[in-house]
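**Student:** Build me a model:
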Amino acid sequence: MKFLKSTLVILGVLLCSCHKDLDIDQTSQLSATSMWTDENDAISAMYGTHQLLRGTFNNGLMYWGEYRTGLWGPGNHGGLSQTVRDQAYQNTMTNTHAYADWENMYETINMANLLLRYTPQITFSDQTEKDRVMANGYFVRAMCYYWIARIWGDAPLVLEGYESASQDLLPTRTPVAAILSQVEMDIEAGLNLMPSGTSDRNIASQGALQMLMADYALWMYTTQNGGDTYLQMASNAVNQVLGMGYQLESNYGNIFESASESGPEVIYAWNYEQDEYTGGYPVDFQFNSATVSPVYHFNPVAVGTGQQWTFYTDDYVSVLTADPTDTRLTTNYLEFYDDLMGQEFHWTNKYKGSWVNNTLILDSDIILYRLADAYFYKAEIEFYNGDMVGAVEAINAVVQRAYGTPEHYTGTFSAPEVKEILVSERMREFPAEGKLWWDFIRLEVIFDINTYLTGREGSQNILLWPLSDNSINDNPNLGGQTPGWE
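**Tutor:** Here you go, the predicted model:
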């Protein structure tokens, strides 16, 4: 069932007021005794953290990640462009770019910090529910700091909830290694507390925490010289997920359809629902309804009130369409000639929402982790372990759905060949899901795939984002712009 607690909006309004020195939300002068009195307050705050997390990643998921891969470009098949996206495609962002600001991330962290501070002192009728609330607080904080570390590197590490202007709101940056260490501690704390029976896919669970652990551990192994300890950590987390009863959806398209999006493959997703919260980055994939003949509105062309501002490059289309038997194409890439308009359209049906009374409702849940991710993480782990057979087996477990055969890849493969399969099948399995940038960095192919980055390997912090002027100007203790982005 899709839902968010009805008290979320009320709680958010009561708790949050902006303080620009740190660029985080701090609570108003409401005392803890009035705002955190019983378990319902804590449960509402738990859902509130996920609401804030969803708002933070509503568009940032793609800007901070996948738009930087070089696989995306102007929409309407090369006809429409906007500077805010072009800078991301070309990795030429400036310190005035909207997504160079980390304010929303720290707003979410602040809510998680308050949740972790006040929940322990509240009496619950069921200790399991109290543990679930605390575990979600650790999950959300870990998620935010994990992304901050990868997006900006060194950043303030704030572990105390801000409630009063008398508190220190001008923290210095903490080295990225310390931030990543805190991420690990928070994930472990969440795993130690999280009950095994959580089935709601729109909040954290044991499965969501283990996926975050696998994601984090692979990042530490591949980019932070973490060593084999982290590779084993990733393997343990993935194996836990694979034994939890999640199942691959038999129909790829059903994973992303509003009517069937809570299927057995989904591990953690942000809830989008009519009259509660709709929208997100998929709005930029649709065509304006005025440009498409009415008879073809969602039959088959995905249309809305906006315009298709971004779409795949021709090179990426070539990867997606390399095998015409790939059943993922009906979701990931479609093309149609509107004979009445005399116009060729190209679009994705992923997260296309619902067509209700001739109106687009962007109510498709945005999925952060699903079971296919776990299998691809396993394939990557086996690749690093030198087990090419095991890596291919894990990939085949997923792509049999796409190609209709249990062993699409057969024979003996060298390490470079397995790596090529890993990269190409990731590109076909996960387009428009906000993941590929991070995959390409781990697999050390980003400078090959994104031609705008080719030859810039030696540029300082080229894989990070600049920090916004707002943040720098509001907090002199930050020490100025990220080196390399001055």
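
**Student:** Test my guess that Gly434 contacts Gly65.
**Tutor:** Yes: Gly434 lies in contact with Gly65 (CB atoms under 8 Å); the separation is 4.9 Å. Backbone N, C-alpha and C define where each C-beta goes, glycine included.

**Student:** Could I get the full set of helices for the stretch 351-486 of the chain?
**Tutor:** 371-384, 388-403, 415-429, 436-442, 446-449, 469-474 (DSSP state H, counting those that start in this stretch).

**Student:** wait, I meant the stretch 151-300 of the chain
**Tutor:** Ranges of helices in the stretch 151-300 of the chain, per DSSP H, counting those that start in this stretch, are 176-193, 206-223, 228-242.

**Student:** And the first one, what does it pack against?
**Tutor:** So the one you mean is helix 176-193. helix 127-152, helix 206-223 (3 or more CB pairs under 8 Å, 6 or more residues apart in numbering; DSSP states H and E).

**Student:** Please name whichever of the ones you listed is nearest to Arg456.
**Tutor:** helix 206-223 (16.9 Å; CB to CB).

**Student:** Now do that closest one and helix 176-193, the angle between them.
**Tutor:** 150 degrees (axes from the mean of the first three to the mean of the last three CA atoms, to 10 degrees).

**Student:** Looking at the helices of the stretch 151-300 of the chain, spot the one closest to Glu382.
**Tutor:** Closest among the helices of the stretch 151-300 of the chain, using CB to CB: helix 228-242, at 8.7 Å.

**Student:** Asn254 and Tyr246: what is the separation?
**Tutor:** 15 Å (CB to CB, to the nearest Å).

**Student:** who has more neighbours, these two?
**Tutor:** Taking other CB atoms under 10 Å, Asn254 and Tyr246 do not tie; Tyr246 has more neighbours (20 against 14).

**Student:** For Ala42, which non-adjacent residue is spatially closest?
**Tutor:** Among residues not flanking Ala42 along the chain, Thr119 sits closest, at 4.6 Å (CB to CB, 6 or more residues apart in numbering).

**Student:** Per-residue pLDDT of that neighbour, please?
**Tutor:** Per-residue confidence for Thr119 comes out at a pLDDT of 97.

**Student:** can you check Gly161 too?
**Tutor:** Here, the pLDDT recorded for Gly161 equals 89.

**Student:** burial measure for it, as a count.
**Tutor:** By other CB under 10 Å, neighbour count at Gly161 equals 21.

**Student:** residues in contact with it?
**Tutor:** Thr27, Asn110, Met111, Asn113, Leu114, Leu116, Arg117 (CB atoms under 8 Å, 6 or more residues apart in numbering).

**Student:** again, but for Ile255
**Tutor:** Applying CB under 8 Å, 6+ apart, the residues near Ile255 are Glu249, Glu261, Gly263, Glu265, Val266, Ile367, Arg370.

**Student:** do the same with Glu261
**Tutor:** Asn254, Ile255, Ala269, Ser364, Asp365, Ile367.

**Student:** mind pulling up the phi and psi values for the fourth one?
**Tutor:** So the one you mean is Ser364. When read as degrees, to the nearest 10, the backbone of Ser364 gives phi -80, psi 130.

**Student:** Got the confidence number for it?
**Tutor:** pLDDT, read off for Ser364, is 95.

**Student:** Work out for me the element Ile109 sits within.
**Tutor:** helix 103-118 (DSSP states H and E).

**Student:** typed the wrong thing, it's Arg54
**Tutor:** Going by DSSP H and E, Arg54 is in helix 39-63.

**Student:** on contacts alone, who are the packing partners of the helix or strand just after that helix?
**Tutor:** Sequence order places strand 72-74 as the next helix or strand after helix 39-63, per DSSP H and E. Other elements packing on strand 72-74 under the criterion 3+ CB pairs under 8 Å, 6+ apart are helix 83-90, strand 310-312.

**Student:** in the first one, what counts as buried?
**Tutor:** Along helix 83-90, these residues count as buried under the neighbour rule (16 or more other CB atoms under 10 Å): Arg85, Gln87, Ala88, Tyr89, Gln90.

**Student:** what does that helix rub up against?
**Tutor:** Outside of helix 83-90, the residues within contact range by CB under 8 Å, 6+ apart are 63, 67-68, 70, 72-74, 92-94, 97-99, 309-310, 452.

**Student:** Same check on the shortest one?
**Tutor:** Residues outside strand 310-312 that contact it (CB under 8 Å, 6+ apart) are 67, 71-77, 85, 284-285, 320, 333, 346-348, 431.

**Student:** what kind of secondary structure is the residue of the chain positioned farthest from its centre in?
**Tutor:** Taking CA atoms, centre = their mean, the residue of the chain most remote from its mean C-alpha position is Leu340, at 38.5 Å. Classification of Leu340 using DSSP: H, G, I helix; E, B strand; the rest coil returns coil.

**Student:** wait, what's in contact with Val392?
**Tutor:** With CB under 8 Å, 6+ apart, Val392 has these contacts: Ala379, Tyr409, Phe413, Val418, Ile421.
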